[in-house]
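In: missing the sequence, but the structure's below:
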């Protein structure tokens with residue numbers, strides 16, 4: 001069987017085509033679709049970096065300029081065009097090439113702006129495709145600013161000095177459309193020899209999204225192919241290197257638990273000493289020994305070959321995670337020093353004026369001595385653990401291999417979910433009126449999203465993508481509201497944490513923070529101590545602001561979009577990553593969540609969720625629980 005016949009057979013069978021061609025050429029078609037990108041390979045020193053822009057497309061032909069390789073690649077292209085046009089009724093061939101810089105370009109005015117020239121035939125021009133491409137080019141965030149775009153109708157569509165790829169007969173067929181798209185080489189330095197890797201990645205991301213939108217328009221106007229979303233056209237196969245990078249990042253992140261490692265092990269004893277000092281002397285806190293050397297972790301982190309990941313969406317997610325892990329490892333090394341606070345600000349941020357104002361309004365509207373529903377009854381750690389275990393058993397009926405467990409620990413203050421397990425401090429007491437809300441928060445959100453993430457192909461979805469904490473805590477607090485358990489004292493507590501973080505950032509020490517919370521905002525001495533301990537632990541941890549911030553941001557998102565609530569539960573990620581998560585869903589790389597919280601089957605909870613869709617602020621959640 002000839003290579004041409006072999007290509008046609010693979011396409012007819014819907015299988016992956018990945019053929020090496022003479023002189024370094026390559027034909028790659030992940031799955032049959034009515035378009036293909038083409039690039040005429042130049043010597044690396046002539047056109048460095050450009051080939052990397054093409055290789056990330058799901059269908060591409062790398063086209064050598066040598067005569068023998070050129071003929072072989074032309075035959076392969078013709079065979080591909082014939083097969084695809086028979087399948088879809090039409091096929092689009094897009095050649096990509098580099099444009100020369102404008103004649104009036106002045107390097108003293110800075111790097112060149114992005115620019116594009118779309119060459120098309122005037123006869124039977126694919127107007128909708130051209131409009132979609134032009135609009136996409138204008139909408140994308142290009143490195144270097146807003147691009148210049150020119151549509152040129154030409155009989156000869158090819159880079160300057162090159163012959164057309166398709167024969168005259170093939171180009172006259174109405175089922176074949178060809179475009180040539182030139183772009184400025186902003187991914188190289190002004191001498192054209194040194195590739196700028198950050199610019200190259202940004203260019204590849206924006207160019208890929210633009211091409212997909214053009215392909216989407218072509219499919220709906222010219223071909224027998226109806227994708228629902230343009231991201232469906234992206235690659236669904238994942239290169240093996242991606243799994244190695246994902247695993248390596250997860251291994252580094254799994255080597256430590258920044259919250260557990262930053263939390264005192266002597267919280268109760270420290271409270272006794274603080275009270276004995278009449279709240280005048282900052283208590284001495286003790287922490288777990290670090291299980292790993294931060295320098296060794298940092299070396300492992302930067303041995304991960306992230307730069308070799310071609311997929312723009314995955315590279316963006318992994319890159320953000322590496323930056324966060326880098327800052328978190330620095331936090332470990334700076335534990336107990338003033339530098340810890342600076343690192344915390346890099347990882348978790350500081351409350352802005354709007355969030356501080358919201359926290360002050362909440363503390364003003366809720367009386368300091370507001371009581372929990374359910375009276376004064378409380379459950380001790382063992383009684384609460386039994387209820388948590390019962391909740392996990394319900395989820396095990398849906399997922400028998402669910403490995404989550406609940407543990408009582410004598411070195412944990414309060415409640416912590418760590419690595420998919422629920423850790424309960426042995427001195428913990430939970431108000432009877434808070435039990436259902438606490439279960440919805442810890443088990444129905446943190447444990448559930450951990451294992452939903454574990455069911456995804458990427459470990460980052462259970463380990464947590466960069467900045468996931470605000471989204472996680474926002475969902476968890478919202479879950480408390482949906483089950484009718486977001487009490488007035490609880491909202492006041494979340495607001496107090498924001499105010500304590502703001503005081504910390506402004507320079508307040510531990511004693512000053514507890515005095516402020518007690519004297520200015522009416523928190524009890526023990527309550528003020530607990531908030532201050534959490535905020536000042538290890539030198540200053542600003543994470544506690546994310547509960548109220550996450551809730552505020554989540555309420556805005558649900559009221560301003562039609563995003564299904566279930567989509568927030570596929571794993572642990574930041575709201576800023578939703579566009580990338582959405583893209584991976586459309587590409588059939590990510591799956592639907594394996595488990596859904598039980599409250600989504602409750603009629604009252606669904607009514608409250610409907611109310612949120614109509615627009616509620618955190619203040620609106622205080623009274624009446626949405627009824």
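Out: Great, that's in hand. These numbers were taken from a predicted model, which means no experiment stands behind them. Numbering: from 1, shown residues only.

In: State the number of residues packed around residue 47.
Out: Neighbours of residue 47 under the rule other C-beta atoms under 10 Å: 17. Any C-beta I mention is one placed from the backbone N, CA and C, and that applies to glycine too.

In: How about the one 10 residues further on?
Out: Residue 57 sits with 28 neighbouring residues when counted by other C-beta under 10 Å.

In: Kindly indicate whether the closest residue in space to it that isn't next to it in sequence is helix, strand or coil.
Out: Nearest non-adjacent residue to residue 57, counting by C-beta to C-beta, 6 or more residues apart in numbering: residue 37, 4.7 Å away. Secondary structure, DSSP: H, G, I helix; E, B strand; the rest coil: residue 37 is strand.

In: can I assume residue 37 is in contact with residue 55?
Out: No: in this structure, residue 37 is not within contact of residue 55 by C-beta atoms under 8 Å, at 9.6 Å.

In: which residues sit against whichever strand or helix holds residue 440?
Out: Applying DSSP states H and E as the criterion places residue 440 in helix 435-441. Helix 435-441 has contacts (C-beta atoms under 8 Å, 6 or more residues apart in numbering) with 379, 384, 387-388, 391, 415, 430, 476-477, 479-480, 482-487, 490, 597, 599.

In: beta partners of the residue nearest to residue 57?
Out: residue 60, residue 94 (DSSP bridges).

In: got any ranges where the stretch 1-150 of the chain has weak pLDDT?
Out: When residues are selected by pLDDT under 70, those of the stretch 1-150 of the chain lie in 1, 43-45.

In: Which of the contacts of helix 435-441 fall in helices?
Out: When DSSP state H defines the helices, the subset of those inside them is 384, 387-388, 391, 476-477, 479-480, 482, 490.

In: how close does residue 124 get to residue 367?
Out: 74 Å (C-beta to C-beta, to the nearest Å).

In: do residue 590 as well
Out: For residue 590 relative to residue 367 (C-beta to C-beta), the value is 45 Å.

In: More neighbours: these two, which one.
Out: Between residue 590 and residue 367, counted using other C-beta under 10 Å, residue 590 has the larger neighbour count: 21 against 12.

In: residue contacts, that one?
Out: Counting by C-beta under 8 Å, 6+ apart, the residues that residue 590 touches are 456-458, 461, 570, 581, 584.

In: which SS class is it?
Out: coil.

In: where does it land on pLDDT?
Out: Residue 590 carries a pLDDT value of 96.

In: For it, grab phi and psi.
Out: phi -100, psi 150 (degrees, to the nearest 10).

In: do residue 17 as well
Out: phi -110, psi 120.

In: Would you enumerate the residues in contact with it?
Out: 7, 10-11, 27-29, 80.

In: Could you tell me which of the residues you listed belong to strands?
Out: Per DSSP state E, strands hold the following members of these: 27-29.

In: ok, how many other residues are close to residue 251?
Out: Residues within reach of residue 251, counting by other C-beta under 10 Å, total 14.

In: Equivalent analysis for the one 10 residues further on, please.
Out: Neighbours of residue 261 under the rule other C-beta under 10 Å: 18.

In: and it, what does it touch?
Out: 287-288, 290, 332, 335.

In: Residue 196 versus residue 369, what's the distance?
Out: Counting by C-beta to C-beta, the gap from residue 369 to residue 196 is 61 Å.

In: which of these two has more neighbours?
Out: Shown here are residue 369 and residue 196; by other C-beta under 10 Å, residue 196 has more neighbours (17 against 8).

In: now the more buried one, nearest residue through space, not along the chain?
Out: Once flanking residues are discounted, residue 196 sits nearest to residue 187: 5.7 Å by C-beta to C-beta, 6+ apart.

In: Surely that neighbour is in contact with residue 203?
Out: Yes: using C-beta under 8 Å, residue 187 is in contact with residue 203, at 5.1 Å.

In: Report how many residues lie close to residue 206.
Out: 20.

In: er, residue 150 I mean
Out: Counted with other C-beta under 10 Å, residue 150 comes out at 12.

In: how far away is the residue lying closest to it once chain neighbours are set aside from residue 201?
Out: With C-beta to C-beta, 6+ apart as the criterion, residue 150 has its nearest non-adjacent residue at 4.9 Å, and that residue is residue 117. Distance, residue 117 to residue 201, by C-beta to C-beta: 23 Å.

In: before we move on, the earlier item: so can I have JSON lines of the contacts of residue 261 showing secondary structure and pLDDT?
Out: Shown next, in JSON lines, are those (DSSP: H, G, I helix; E, B strand; the rest coil; pLDDT from 0 to 100):
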{"residue": "287", "secondary structure": "coil", "pLDDT": "93"}
{"residue": "288", "secondary structure": "coil", "pLDDT": "90"}
{"residue": "290", "secondary structure": "coil", "pLDDT": "89"}
{"residue": "332", "secondary structure": "helix", "pLDDT": "91"}
{"residue": "335", "secondary structure": "coil", "pLDDT": "94"}
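
In: Most neighbours among the residues you listed, which one is it?
Out: Busiest of the contacts of residue 261 [other C-beta under 10 Å] is residue 332, holding 22 neighbours.

In: neighbours around the nearest residue to that residue once chain neighbours are set aside, how many?
Out: Leaving aside its chain neighbours, residue 332 sits nearest to residue 294 (4.9 Å; criterion: C-beta to C-beta, 6+ apart). Applying other C-beta under 10 Å, we find 17 residues neighbouring residue 294.

In: was I right about residue 294 contacting residue 328?
Out: No: Residue 294 is beyond contact range of residue 328, at 9.5 Å (criterion: C-beta under 8 Å).

In: Mind listing the shared neighbours of residue 187 and residue 203?
Out: With C-beta under 8 Å, 6+ apart as the test, residue 187 and residue 203 both reach residue 53.

In: which residues touch residue 283?
Out: Residue 283 neighbours (C-beta under 8 Å, 6+ apart): 270-271, 273-274, 277, 510.

In: Same check on residue 591?
Out: 455-457, 570.

In: Next one: it from residue 242, what distance?
Out: Taken as C-beta to C-beta, the span from residue 591 to residue 242 is 16 Å.

In: Over to residue 20?
Out: 22 Å.

In: now do residue 127
Out: 38 Å.

In: who has more neighbours, these two?
Out: residue 242 (19 against 11).

In: For the strand or helix carrying that one, which outside residues touch it?
Out: Using DSSP H and E, residue 242 sits within helix 240-254. Residues outside helix 240-254 that contact it (C-beta under 8 Å, 6+ apart) are 297, 300-301, 303-306, 308-309, 311, 314, 318, 321-322, 325, 328, 419, 458-460, 463-464.

In: quick one: which of the ones in strands among the contacts of residue 17 is most hemmed in?
Out: Going by other C-beta under 10 Å, residue 27 tops the ones in strands among the contacts of residue 17 with 25 neighbours.

In: I figured that one hits residue 19, correct?
Out: Yes: because the distance of 4.7 Å satisfies C-beta under 8 Å, residue 27 is recorded as touching residue 19.
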